[in-house]
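Asker: Predicted model and sequence below, questions to follow.
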Amino acid sequence: MKNAICSWSGGKDCCYAMMEAIKMGYNPVVLINMMDVDGITSRSHGLPVHLLRKQAISMNIELLTIPTSSIEYETNFVNALKKAKEDYQLQAIIYGDIDLIAHREWQERICHIVGLEPVLPLWERKRSEIATEILENGIENIVVSCNETMGQKYLGKVYNKEMIKELENQGICPCGEDGEFHSFVINSPLHQSKIKITENSFRFENGFHFIDWKS
């Protein structure tokens, strides 16, 4: 098996991609998440580092959290991957992207620089099918951020068949592949225990609704 690092947002797609990569013969040994400059909150999903650590502990896997600004993102990502490659004897990196070609081109360029094989198990599979498969494969997750179109009402809600149908009826990608929403996995076949989430308030920032974990 090839040792792999997983580009980990904390959400459903990267979790499902990691599960699929394991079936393909890869051995995920570490997760990597790019954080805000403060090192406390994840850049994409607005998740506090303590929740990401809970996921890693539950899955019995190492977690690397890398603080960075947007300007230094690529440099810091590359440097972190180079170090992880040596520390964990890595051959590959797992991504949860589905069909955004610009993302794949960037990922492949980074992999070429670092010398890792890019692994995208969900690539070019139908979005609606992936959404259903996520549930069928036992990945429990909640919505932790979403755009103005979806609205605050979805925050903290469990991602289920009813939500998928609602989103599709509104013309919203059920996977949130275009950035409409982000999720947080609270349980999966990779987890040894379910992560408990407490009640939180919400905040609105730069056109997106977020769970305000600090409150």
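Answerer: Noted; the coordinates are in hand. Residues are numbered from 1 along each chain as shown.
Asker: Other residues contacting the helix or strand bottoming out on mean pLDDT in the chain?
Answerer: One helix or strand of the chain scores below all others by mean pLDDT, DSSP states H and E: strand 201-205, with a mean of 92. The contact list for strand 201-205 (Cβ atoms under 8 Å, 6 or more residues apart in numbering) reads Gln152, Leu155, His209, Phe210, Ile211, Asp212, Ser215. (Each C-beta comes from the backbone N, C-alpha and C, glycine too.)
Asker: From these, which land in strands?
Answerer: Judged by DSSP state E, the contacts of strand 201-205 include His209, Phe210, Ile211, Asp212 as members of strands.
Asker: what about the residue sitting furthest away from the middle of the chain, distance to Glu162?
Answerer: Relative to the mean C-alpha coordinate of the chain, counting by Cα atoms, centre = their mean, the farthest residue is Asn169 (24.5 Å). Per Cβ to Cβ, to the nearest Å, Asn169 is found 11 Å from Glu162.
Asker: that older thread, mind checking which of the contacts of strand 201-205 are buried?
Answerer: Buried members of the contacts of strand 201-205, scored by 16 or more other Cβ atoms under 10 Å, are Leu155, His209, Phe210, Ile211.
Asker: Dump the residues you listed to CSV, plus pLDDT.
Answerer: Below are the buried ones among the contacts of strand 201-205 laid out as CSV (pLDDT from 0 to 100):
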residue, pLDDT
Leu155, 96
His209, 95
Phe210, 94
Ile211, 94
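Asker: what two of those residues have the greatest distance between them?
Answerer: Maximum pairwise distance among those (Cβ to Cβ): 8.4 Å, between His209 and Ile211.
Asker: Mind listing the shared neighbours of these two?
Answerer: Common neighbours of His209 and Ile211 (criterion: Cβ under 8 Å, 6+ apart): Ser145, Leu155, Phe202.
Asker: Look at the last one and say how many residues are nearby.
Answerer: As a burial measure, Phe202 scores 13 neighbours (other Cβ atoms under 10 Å).
Asker: Having no further points to raise, I will conclude here.
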